[in-house]
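A.B. asks: got a predicted structure plus its sequence, pasted below:
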There are 2 protein chains.
Amino acid sequence: MTDGARPSEFALIAQLFAPLATTPGAYGLTDDAATVAPAPGHELVVTADALVEGVHFLKDDPPDAIARKSLRVNLSDLAAKGAQPLGYLLVLSLPSSVSFDWIMSFASGLALDQKEFGISLLGGDTTATPGPLTIAITAFGQTQAGAMIKRSGAKQGDLVYVTGTIGDAGAGLALLRGEKDGFTGLDRDHLVSRYRLPQPRVDFGRALRGTATAALDVSDGLIADLGHIAAASNVRILIDAPSLPLSTSFKALWGRDVVRAATAGDDYEIAFTVPPAAASGLQMASAKYRLSINRIGRVERGAGVVLLDADRQEIAVPKSGFTHF
Amino acid sequence: MTDGARPSEFALIAQLFAPLATTPGAYGLTDDAATVAPAPGHELVVTADALVEGVHFLKDDPPDAIARKSLRVNLSDLAAKGAQPLGYLLVLSLPSSVSFDWIMSFASGLALDQKEFGISLLGGDTTATPGPLTIAITAFGQTQAGAMIKRSGAKQGDLVYVTGTIGDAGAGLALLRGEKDGFTGLDRDHLVSRYRLPQPRVDFGRALRGTATAALDVSDGLIADLGHIAAASNVRILIDAPSLPLSTSFKALWGRDVVRAATAGDDYEIAFTVPPAAASGLQMASAKYRLSINRIGRVERGAGVVLLDADRQEIAVPKSGFTHF
C-alpha cells in the first residue's frame, strides 16, 4: 500500500531509535518482535497510553518534553501499580510536516528518560499519517506475582493519601493557554514544568506494595480518579478539602481553590488507600524517597466521592475532572 | 485537558470492550494496567503495529474486517516468530465522525478473532483525535525461552521457503482501487478477501521452532522482506522465479507476473530458511496444518536478494516492495 512513506527519512529514524534499544531482547530493532521475561516469581505489568497533538499536548511544546511526557504518563501507571519499569514499545504516527530535527529532539528526550528510569526501548512501529502526530506507548514493568496494587482493594476504615501536590499541572496548562496574563516568573515556570514533565513516583509506588489496599495515578483529576477506586472497591471516599496539598505556586495563581485543584488533570501523583495501622510505615517511605505525602481523607461504606470543607459540609463540585478515557 | 471527549459514548465503548477482556490479568478493563506472565520456562514475544485510515485501510472497508486485520497483522508477526498468541492491548484514536455502530461492528470483529486465535483483550486506551482513525495494537505471545525464530540465523546452503501464495493481497488492493475494470466474480472475491483478511500462520509458525534458521512474515513484499533476512543474517538470497507460488486468481488477473507478486505487500505468509536436512519434516508439518509450502530459493554467501528466471538470469526488479516501516 502507498503510505506516503519517506523511506530515507524512516531509515534515519531507525538510526535514531536503534541506540535506544539497549536490552538484548530488543534485538537492536532489527527483528519483528522483542522478547521480555519477568524475573523468576514475578509477572509483567503492562499499560498503554496514546498522546495526540492538539489533544494531549500542544503543537509548540518542545519535542523532547513531549517524548518524556509520553513515556512518563505510562511509567506513572506502572508506578501507581507498584511495578518496576523495564521497557516500552513506541508507535509513532508521523505527519509529513514533522521535521527530522523534531524527531531527533524527540529521541533525545527518550534517551534522557531511559537513563533516568533504567529502561530500554523494545520495539514498535513508525508510520505516516495525514493527521496529527500521535504517539502510542506500551510500557512494561514487573512485580512479584500477584503483588500489583489494584484499584479494587480499598476497605471501610482505610485512610486516603496522595503524594506531592495536586492541581499544578492544570494550572500550568491554563497559563500556557494564556488564561492568566501577567503571571510570570518562577511560579509560572514551576507550574508549566509540572504540566510538561510529570514525575512518575516509581520508588514510592514500589514501597506501597503490600501496604496500599488500592492505588492509581492522578491523571483525570483527583476526585474523578478517587471515584475509580470507590467504584472498583465498592466504597465511598470522603475527601477533607483543607488537607489537600496545594503548592505555593498554585496558591499564588488561584488561591486555595480546592475544587479547581481536585478536578485538574495531569498531576501524575499517586492517590492510595491504606489501613490506619500502616500510617507510620508510610512516613518512613516518604522520608526515604524525599516525597511528601498527605492524608486527605478516609474510606467509608457507600459509593462515590465527597469533598468536605472544614465544617464537614459537602462542597459542590461542578465537574469531577477530565473525563476522557 | 479538553480532548473533545464524548464521555457517554466512551462509557458505551467501555461496555463494548469489557466483554473482550476474558483473561483474569485484564481485570475486566477496570484497572490502569494488566498483568501477563509467560508459562514457566517461557518468555513473552511482543510486537506492535499501527493501522491508519487512508494509509493502511480504506475508509469504506467494513469495520469488523478492519478490526480483524489490525489484530491479524500483529498475530502474523507472532506466528512468524514461532510464538503462541496470548493477548493484546488496543489503542484507539477516534475522530468524532466515527459512529457508535461502526465501533460496535469493530468490536464484533475483535470478538470473532479472539475466539479463533484463543486470545484476550488485555487493556489499552481510547482517545479522541482530530485526525484519521488510528488503531495501534500491541500483541503478546510466548515461546520457550530463547526459542523465538529471528531474522538473523540464515546460513549459507539453507533453503528458502514461503507458505501459501504471494501477491494476492496486492492484487486485491489494486482491484479495490479500480485498477482493473470488469474483473469480477470469484477470483475478485478471493483476492479482495486476501487483502482484507490476512491468515496468520500460527500453527505452522510454531512447528518451525527449532527447524527454521530465520523467518518473518511477508508484509512489505517478498523481495523486500527476504532482504531483511539477508541483511540480518549477512547472506545473499537467490529466488527462483518459476518456483514462486501464485494463485489461480492472481494469474487470472495479472498472468504470471512474478515481479508484481514478489513486490506486493500484505501477504502475511511466512518466508523462512531451513537447512536442507529439515525439508522432509517441513512436508509433514505442511500436511498436518493443511498449508501449502514451496521451496523458492537458497541462501549463499554475499549480500542482498536476487530474483532469477528459468535460465538463471537475473530479473530486474524496479522496486523491492512497500518500503514503509
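C.D. replies: Structure's in. What do you need?

A.B. asks: which residue, other than its chain neighbours, is closest to the residue of the stretch 1-150 of chain A found nearest chain B?
C.D. replies: Relative to chain B, the nearest point of the stretch 1-150 of chain A is A:Gly131 (1.8 Å; C-beta to the nearest C-beta). All C-beta spots, glycine's among them, are computed from the backbone N, C-alpha and C. The shortest distance from A:Gly131 to any non-neighbouring residue, by C-beta to C-beta, 6 or more residues apart in numbering or on different chains, is to B:Gly131 (1.8 Å).

A.B. asks: quick revisit: tell me the contacts of the residue of the stretch 1-150 of chain A closest to chain B?
C.D. replies: Contacts for A:Gly131 (C-beta atoms under 8 Å, 6 or more residues apart in numbering or on different chains) come out as A:93, A:95, B:52, B:129-132, B:134.

A.B. asks: wait, A:Arg256 touches A:Leu246, no?
C.D. replies: Yes: counting by C-beta atoms under 8 Å, A:Arg256 touches A:Leu246, with 6.3 Å between them.

A.B. asks: quick revisit: please, which helix or strand holds the residue nearest to A:Gly131?
C.D. replies: Using DSSP states H and E, B:Gly131 falls within no helix or strand.

A.B. asks: how near is it to B:Val55?
C.D. replies: 11 Å (C-beta to C-beta, to the nearest Å).

A.B. asks: assign the spatially closest residue to A:Gly210 that is not a sequence neighbour to helix, strand or coil.
C.D. replies: Of all residues not flanking A:Gly210 in the chain, A:Ala147 sits nearest, at 7.0 Å (C-beta to C-beta, 6+ apart). Here A:Ala147 is recorded as coil under DSSP: H, G, I helix; E, B strand; the rest coil.

A.B. asks: give me the pLDDT for A:Ala147.
C.D. replies: A:Ala147 is assigned a pLDDT of 97 by the prediction.

A.B. asks: ok, now which ones touch it?
C.D. replies: By C-beta under 8 Å, 6+ apart, the residues touching A:Ala147 are A:82, A:209-210.

A.B. asks: can you pick the most crowded of these?
C.D. replies: A:Gly82 (28 neighbours; other C-beta atoms under 10 Å in any protein chain shown).

A.B. asks: quick one: it and A:Gly153 touch, right?
C.D. replies: No: using C-beta under 8 Å, A:Gly82 is not in contact with A:Gly153, being 11.8 Å away.

A.B. asks: chain B contacts on the stretch 151-300 of chain A?
C.D. replies: A:151-152, A:173, A:216-217, A:228, A:231-232, A:265-266 (C-beta under 8 Å from any C-beta of the partner chain).

A.B. asks: can you select the buried ones from these in PyMOL?
C.D. replies: Buried subset of these, written as a PyMOL selection, criterion 16 or more other C-beta atoms under 10 Å in any protein chain shown:
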select buried, chain A and resi 151+152+173+216+217+228+232+265+266
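
A.B. asks: do a quick rundown of the helices in chain A.
C.D. replies: A:7-17, A:63-80, A:100-117, A:168-176, A:186-196, A:202-207, A:222-233, A:248-254, A:258-263, A:279-288 (DSSP state H).

A.B. asks: bridged to A:Ala136, which residues?
C.D. replies: A:Ala50, A:Val91 (DSSP bridges).

A.B. asks: could you tell me which residues make contact with it?
C.D. replies: Counting by C-beta under 8 Å, 6+ apart, A:Ala136 touches A:48-51, A:90-91, A:93, B:48, B:50, B:91, B:93, B:125, B:136.

A.B. asks: sort those by pLDDT and name the bottom one.
C.D. replies: Among the contacts of A:Ala136, B:Asp125 has the lowest pLDDT, at 92.

A.B. asks: show me what that one is bridged to.
C.D. replies: Checking B:Asp125 by DSSP bridges, which sets the bridge assignment, gives partners B:Val91.

A.B. asks: next, the contact list for it, please.
C.D. replies: A:48-50, A:136, A:325, B:91-92.

A.B. asks: widest-spaced pair of those residues?
C.D. replies: A:Ala136 and A:Phe325 (13.8 Å; C-beta to C-beta).

A.B. asks: how about the nearest residue to A:Ala207, chain neighbours excluded?
C.D. replies: Using C-beta to C-beta, 6+ apart, the closest residue to A:Ala207 is A:Ala285 (4.0 Å).

A.B. asks: how close does that neighbour get to chain B?
C.D. replies: Going from A:Ala285 to chain B by C-beta to the nearest C-beta, to the nearest Å gives 20 Å.

A.B. asks: so what's the residue count around that residue?
C.D. replies: 17.

A.B. asks: could you do the one 10 residues further on as well?
C.D. replies: Burial of A:Arg295, expressed as a neighbour count using other C-beta under 10 Å, amounts to 16.

A.B. asks: so what's it bridging to?
C.D. replies: Going by DSSP bridges, A:Arg295 forms beta bridges with A:Tyr161.

A.B. asks: can I assume it is in contact with A:Leu244?
C.D. replies: No: look at A:Arg295 against A:Leu244 with C-beta under 8 Å: they stay out of range, at 10.7 Å.

A.B. asks: list only buried entries from the contacts of A:Gly131.
C.D. replies: A:93, B:52, B:129, B:131-132, B:134.

A.B. asks: show me what contacts A:Leu121?
C.D. replies: A:17, A:20-22, A:26, A:29, A:87-90, A:110, A:114.

A.B. asks: from B:Gly131, how far out is it?
C.D. replies: Relative to B:Gly131, and taking C-beta to C-beta, A:Leu121 is found at 25 Å.

A.B. asks: A:Pro242 too?
C.D. replies: According to C-beta to C-beta, A:Pro242 and B:Gly131 sit 44 Å apart.

A.B. asks: buried ones in stretch A:266-279, by neighbour count?
C.D. replies: Quick answer for stretch A:266-279 (16+ other C-beta under 10 Å): A:266-274, A:278.

A.B. asks: low-confidence stretches in chain A?
C.D. replies: A:1-10, A:319-325 (pLDDT under 70).

A.B. asks: shared neighbours, A:Gly82 and A:Gly153?
C.D. replies: What both A:Gly82 and A:Gly153 touch, as defined by C-beta under 8 Å, 6+ apart, is the set A:Ala212.

A.B. asks: what's the neighbour count on A:Leu29?
C.D. replies: A:Leu29 has 17 nearby residues by other C-beta under 10 Å.

A.B. asks: show the contacting residues for it.
C.D. replies: A:14, A:17-18, A:21, A:121, A:123.

A.B. asks: would you show me how to pick out the buried ones of those in ChimeraX?
C.D. replies: Here is the ChimeraX selection string for the buried members of these, based on 16+ other C-beta under 10 Å:
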select /A:17,21,121,123
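
A.B. asks: next one: stretch A:85-101 to chain centre, how far?
C.D. replies: Its chain's C-alpha centre and that of stretch A:85-101 lie 19 Å apart, by C-alpha atoms, centre = their mean, to the nearest Å.

A.B. asks: could I get the buried residue list for it?
C.D. replies: A:85-94, A:98.

A.B. asks: and if you look at stretch A:110-121?
C.D. replies: A:110-111, A:113-114, A:117, A:119-121.

A.B. asks: what's the answer for stretch A:199-214, then?
C.D. replies: For stretch A:199-214, burial by neighbour count (16+ other C-beta under 10 Å) applies to A:199-202, A:204-209, A:211-214.

A.B. asks: and the nearest residue to A:Leu75 once chain neighbours are set aside, what does it touch?
C.D. replies: The shortest distance from A:Leu75 to any non-neighbouring residue, by C-beta to C-beta, 6+ apart, is to A:Pro200 (4.0 Å). For A:Pro200, the contacting residues are A:72, A:75-76, A:78-79, A:85, A:117, A:217, A:268, by C-beta under 8 Å, 6+ apart.

A.B. asks: same check, this time on A:Thr129
C.D. replies: Going by C-beta under 8 Å, 6+ apart, A:Thr129 touches A:93-95, B:52, B:55, B:131-132, B:134.

A.B. asks: give the closest residue to it in space, chain neighbours not counted.
C.D. replies: Per C-beta to C-beta, 6+ apart, closest to A:Thr129 is A:Ser93, 4.0 Å.
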